[in-house]
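Okay, sequence plus prediction incoming.
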Amino acid sequence: MKLFNPLQTHRLPALALAAALLGSSLPAWAQDESADEAPRQALNSEIMPLATKGIINDVARRGSGYVAVGERGHILLSDDAENWEQVVGPTRAMLNRVQFVDAQHGWAVGYDGAVLKTADGGQSWTLNRFEPDWGKPWYDLLFADAQTGLVAGANGRMLATQDGGESWTAVENDVFETGFHHYDVALLNDGSLLIAGERGFLARSTDDGCTWEMLQPPYIGSYFGILPHGPRGAVVYGLQGRVFAFDDVTALPTVAEPLDYDPFSAENVTDPQALAAMGWRQLQNPVEESLFGATMNGSDQAVFVGVDGSIVRGELSGQTLEAVRDWGSDDPLSDIELRAGQAVMTGRGGFYSIDSPL
């Protein structure tokens, strides 16, 4: 089933999810419940005076404005990324990721299998899917337009729609039978799809999602995000501040038998020549804290954020990254957006900003 026409798809910078990694304050409804309890019902989110100070997992462009999502189903809108207004959402489940395909049409996903959609710029939202019996999260989403997209999440589960969420089809492949969480899914500039997940899981599709191949990972730890870069390349980043780049997704070696892949017996590849032979190179990072979010700053420079207020930046065609020190907070950060003269970040304490450009 073809999902994406690269000539018609809005390409978005990859955003990394950190809902389960931003602290120990997950609400009770974000946990698995015992089998003898009654299924949870969806409840509208509550307007909270301190919503801008709570956990915010993701921020994205919404036409000329912005939208952010986080704990307790909070959805916040802003025209300038400085003044935020909360709107009522159809769930109190933790929301992990949000994407707008144009100024009016957007989607958000989170815990309890929640999938939300809006057709009025985020002023009102409907609950397209809600699976409290499953109870697990969608970690990411990728939509080409208001009708066509997919959601990816826990235990290798992925669903696709071609009719705006009226119906959903399970995306099935041996690669997904491995059961690894899918933390990020991205559309590369050549139209290829790339998934990054836990325990070194990486998978590609070069035929619009019809078939998938598992990639041999350079690092066995978890990858939390992807940044497309160049004609056929990307950067993946995640646990312990590891950042790896490749130039041609079609040239990366694959895992012949995905179900035989064992991250506990596999080894990290650290030798630069061995990495190059696999089509990879590592960007040396002075920060060892995990990275959860990133954005491009021009065609080659990227900025990454993560644990303990970590901010690192650098040229993706280079070899090293540099840390931004003492900027004002050591809270875990989940995402970043750049605007004229300012970096806007989200994390455990809501919104953060740096006035000077990165």
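Thanks, I have it.

what about the nearest residue to residue 305 once chain neighbours are set aside, how many neighbours?
Nearest in space to residue 305, with sequence neighbours left out and distances taken as C-beta to C-beta, 6 or more residues apart in numbering, is residue 333 at 3.8 Å. In short, each C-beta sits where N, CA and C put it, glycine included. Burial of residue 333 is recorded as 29 neighbouring residues (other C-beta atoms under 10 Å).

so what's residue 333 up against?
With contacts defined as C-beta atoms under 8 Å, 6 or more residues apart in numbering, residue 333 is in contact with 292-293, 305-307, 309-311, 345-347, 352.

if we go to 7 Å?
The contact partners of residue 333, taken as C-beta atoms under 7 Å, 6 or more residues apart in numbering, are 292-293, 305-306, 309, 345-347, 352.

Would you write a PyMOL line that selects the buried entries of those?
To isolate the buried ones among the contacts of residue 333 in PyMOL, judged by 16 or more other C-beta atoms under 10 Å, type:
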select buried, resi 292+293+305+306+309+345+346+347+352
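
Now tabulate the contacts of residue 333 in a markdown table and tack on pLDDT, distance to residue 183 and secondary structure.
Below are the contacts of residue 333 laid out as a markdown table (pLDDT from 0 to 100; distance: C-beta to C-beta, whole Å; DSSP: H, G, I helix; E, B strand; the rest coil):
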| residue | pLDDT | distance to residue 183 | secondary structure |
| --- | --- | --- | --- |
| 292 | 98 | 9 | strand |
| 293 | 98 | 11 | strand |
| 305 | 98 | 15 | strand |
| 306 | 98 | 13 | strand |
| 309 | 97 | 21 | helix |
| 345 | 97 | 19 | strand |
| 346 | 98 | 16 | strand |
| 347 | 98 | 17 | strand |
| 352 | 97 | 22 | strand |
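
I'd like to know which of the contacts of residue 333 is nearest to residue 242.
residue 306 (10.9 Å; C-beta to C-beta).

ok, for that closest one, nearest residue in space, not its chain neighbours?
With C-beta to C-beta, 6+ apart as the measure, residue 291 is the residue that lies nearest to residue 306, at 3.9 Å, once sequence neighbours are left out.

Tell me the spacing between the one you found and residue 135.
Spatial separation of residue 291 from residue 135 under the definition C-beta to C-beta, to the nearest Å is 28 Å.

Kindly report the same for residue 252.
Separation of residue 252 from residue 135 (C-beta to C-beta): 34 Å.

likewise residue 257?
When C-beta to C-beta is the yardstick, residue 257 and residue 135 sit 31 Å from each other.

the more surrounded of the two?
Per other C-beta under 10 Å, whichever of residue 257 and residue 135 has more neighbours is residue 135, with 18 against 8.

Can you tell me the element the more buried one falls in?
If you go by DSSP states H and E, residue 135 is not part of any helix or strand.

pretty sure it is touching residue 112, no?
Yes. If you go by C-beta atoms under 7 Å, residue 135 and residue 112 touch, sitting 5.9 Å apart.

what's the straight distance from one end of stretch 276-293 to the other?
25 Å (C-alpha to C-alpha, to the nearest Å).

what does stretch 268-276 give?
Across stretch 268-276, the straight-line distance between its terminal residues is 14 Å, by C-alpha to C-alpha.

swap in stretch 259-267?
In terms of C-alpha to C-alpha, the two terminal residues of stretch 259-267 are separated by 17 Å.

That one: how far from the chain's middle?
On the basis of C-alpha atoms, centre = their mean, to the nearest Å, the separation between the geometric centre of stretch 259-267 and that of its chain is 24 Å.

pLDDT on it, on average?
The predicted model gives stretch 259-267 an average pLDDT of 94.

How about that stretch, which residues are buried there?
Neighbour-count burial for stretch 259-267 flags residue 261 (criterion: 16+ other C-beta under 10 Å).

Mind listing residues that contact that stretch?
Looking at stretch 259-267 with C-beta under 7 Å, 6+ apart, the contacting residues turn out to be 174, 177-178, 199-200, 214, 220, 255.

And the pLDDT for the residue nearest to residue 306?
The predicted structure scores residue 291 at 98 on the pLDDT scale.

phi, psi of residue 272?
Dihedral pair for residue 272: phi -60, psi -40, per degrees, to the nearest 10.

how about it, what does it touch?
Neighbour list for residue 272: empty [criterion: C-beta under 7 Å, 6+ apart].
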